[in-house]
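Q: Fold the following.
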Amino acid sequence: MKVANVSHLLPTEVDDLRDGPLARSKTTFRVALLIPMCGSAGLWGPSCISSAQVAVEEINRDSGINGKKIQLIMIDAALEAMVPIEEVVNDLIETGSIDAIVGMHISAVRQRLSKVVRQRIPYIYTPLYEGGEHTAGLYAIGDTPRVQLGPSIDYIQNKFKPKSWALIGNDYVWPRTSHLFAKGKLKDLGVGLAYEKYLPFGIKNMSRFVDEIEASGAGAVLISLVGQDAVSFNRAFGAAGADTKVVRLSCAIEENGLLACGKANTNRLFAASSYFGTLHTDENAAFKECYYGVHGDEAPVLNALGQSTYEGMHFLAGLLLSHSDTWRENSSRNSLLVNHKSGRKNNKLALESGAPIFLSQANGLTFDVIKQL
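A: Residues are numbered from 1 along each chain as shown. Below is the predicted model of the structure:
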């Protein structure tokens, strides 16, 4: 499999793309894999790359896309990246250097890119997000607060009966929209809101915010922090012994983050997602067999965000196979049925209905799936 890395492409280099190695190809179908390679979300990168590579292996073993073998072009889509992602992507599209995008990055980046891509190439957005993405030619296939948060808040409320909740997240659209949904849910349940805070990326010492949450009297906290920020928060949470008083829930903490938190800091930590590496489904068993077959037993840990790039690649192939003439006019708003492989339970996904959501509890450094929500 050929993999090109343009993660730190400089604007002066972009000017030379037309005649350079990334000029339009007649023999390969080039997919820009947009993933964070630095900053708060950078810890997700290795799993996302490895999972996408497995999908490419599988698709290329068949007939590729449009009869062409896939070539991955990996680009750093972190907010902290040196070159603005929209500049890089626009130049790659303008020069015919990429044929499609599979993006696993935060929503703030997606909102910027949606104004640049403009239906010129298919754009598959793979991670959980806030919902409501209806840009034509852009397909968001991840979980949304409506399906993740409602049932999981019900579970925590019924089991632990907290009198009030705390909400903490990074300061951008996904946490704020998720928390708006959560506040509506808590109001319907007659449960109080004791604390709400939005943080910039990259805060290393989270002790102050843990202390504030404990002082608020909240019995549960919804954590909508990204990557390393969530790790820092949970380490501070465990170090303060707050886990004995406050139960934690997150829709974004996955197996990489759990490992980084450390075994001592995961007590009474719950996560809601449509995928966990420990899921006992036929689809996940097949995905794991392929994943470890390609990368070996020491491959990056399986998790929802990595799986999403595997599914995103297969979704792209299925979309262009079934809807090659209509993908530009449709979006996540439409209930398009796209037959594709996935590590999740469903492999024929109507975007608005989504995949089943599971609630897991941290058991040391692994997630135990408790139930389907």
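Q: mind listing what the most centrally placed residue in the chain touches?
A: Centrality entry for the chain: nearest residue to the mean C-alpha point is residue 127, 2.7 Å, by CA atoms, centre = their mean. Counting by CB atoms under 8 Å, 6 or more residues apart in numbering, residue 127 touches 104-106, 142, 304-305, 308. From N, CA and C alone the C-beta is placed, and that goes for glycine too.
Q: Just send the residues you listed back as a markdown table, with neighbour count, distance to residue 33 and pLDDT too.
A: Putting the contacts of residue 127 into a markdown table (neighbours: other CB atoms under 10 Å; distance: CB to CB, whole Å; pLDDT from 0 to 100) gives the following:
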| residue | neighbour count | distance to residue 33 | pLDDT |
| --- | --- | --- | --- |
| 104 | 28 | 8 | 96 |
| 105 | 25 | 10 | 95 |
| 106 | 26 | 15 | 93 |
| 142 | 27 | 16 | 93 |
| 304 | 30 | 17 | 95 |
| 305 | 29 | 13 | 96 |
| 308 | 32 | 11 | 96 |
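Q: before we move on, the earlier item: so the residue nearest to the centre of the chain versus residue 67, what's the distance?
A: 30 Å (CB to CB, to the nearest Å).
Q: Which of the contacts of residue 127 fall in helices?
A: Among the contacts of residue 127, DSSP state H puts 304-305, 308 in helices.
Q: could I get those as a markdown table with distance to residue 37?
A: Shown next, in a markdown table, are the ones in helices among the contacts of residue 127 (distance: CB to CB, whole Å):
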| residue | distance to residue 37 |
| --- | --- |
| 304 | 19 |
| 305 | 13 |
| 308 | 16 |
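Q: Tell me the one of those residues nearest residue 131?
A: Ranked by distance to residue 131 (CB to CB), the ones in helices among the contacts of residue 127 are led by residue 308 at 15.4 Å.
Q: Hmm, that closest one is touching residue 141, no?
A: Yes: using CB atoms under 8 Å, residue 308 makes contact with residue 141 at a distance of 7.3 Å.
Q: Determine the residues that are contacts of both of the two.
A: With CB under 8 Å, 6+ apart as the test, residue 308 and residue 141 both reach residue 126.
Q: between the contacts of residue 127, which is closest to residue 196?
A: residue 106 (19.8 Å).
Q: quick one: contacts for that closest one?
A: 36, 41, 79, 127, 172, 174, 226.
Q: Just the buried ones from those, in PyMOL syntax?
A: Buried members of the contacts of residue 106, defined by 16 or more other CB atoms under 10 Å, are picked up in PyMOL with:
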select buried, resi 36+41+79+127+172+174+226
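Q: In helices, which of the contacts of residue 106 fall?
A: Going by DSSP H, the helices hold residue 174 from the contacts of residue 106.
Q: a markdown table please, covering the contacts of residue 106 and showing pLDDT and distance to residue 157.
A: Listed next are the contacts of residue 106 as a markdown table, based on pLDDT from 0 to 100; distance: CB to CB, whole Å:
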| residue | pLDDT | distance to residue 157 |
| --- | --- | --- |
| 36 | 92 | 33 |
| 41 | 84 | 30 |
| 79 | 83 | 33 |
| 127 | 96 | 26 |
| 172 | 95 | 27 |
| 174 | 96 | 22 |
| 226 | 95 | 25 |
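Q: any idea which of the contacts of residue 106 is the one closest to residue 262?
A: Using CB to CB, the contacts of residue 106 come closest to residue 262 at residue 226, 18.4 Å.
Q: what sits against that closest one?
A: Contact partners of residue 226, counting by CB under 8 Å, 6+ apart, are 40-41, 106, 170, 201, 252.
Q: Most widely separated two among these?
A: Top of the distance list for the contacts of residue 226 (CB to CB): 201 and 252, 13.4 Å.
Q: Comparing the two, which shows the higher neighbour count?
A: residue 252 (29 against 20; other CB atoms under 10 Å).
Q: Tell me who's in contact with the more buried one.
A: 128, 223-226, 230 are the contacts of residue 252 under CB under 8 Å, 6+ apart.
Q: got it, and residue 145?
A: 130-131, 177-178, 181-182, 251.
Q: okay, now the residue nearest to residue 110 when sequence neighbours are not counted: neighbour count?
A: Spatial nearest neighbour of residue 110, chain neighbours left out: residue 125 (5.5 Å); criterion: CB to CB, 6 or more residues apart in numbering. For residue 125, the number of neighbouring residues by other CB under 10 Å comes to 26.
Q: I'd assumed residue 139 was in contact with residue 125.
A: Yes: counting by CB under 8 Å, residue 125 does reach residue 139; the two are 6.8 Å apart.
Q: Can you show me the helices along this protein?
A: Going by DSSP H, the chain shows helices at 11-14, 45-61, 85-94, 107-117, 145-160, 173-189, 207-216, 228-239, 255-261, 282-295, 304-322.
Q: With distance to residue 73 added, can I get these in TSV?
A: Formatted as TSV, those follow (distance: least, CB to CB, whole Å):
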stretch	distance to residue 73
helix 11-14	13
helix 45-61	11
helix 85-94	7
helix 107-117	15
helix 145-160	31
helix 173-189	25
helix 207-216	38
helix 228-239	25
helix 255-261	23
helix 282-295	19
helix 304-322	13
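Q: Pick the most buried one from those.
A: Stretch with highest mean neighbour count among these: helix 304-322 (a mean of 26; mean count of other CB atoms under 10 Å).
Q: Good, we can wrap up now.
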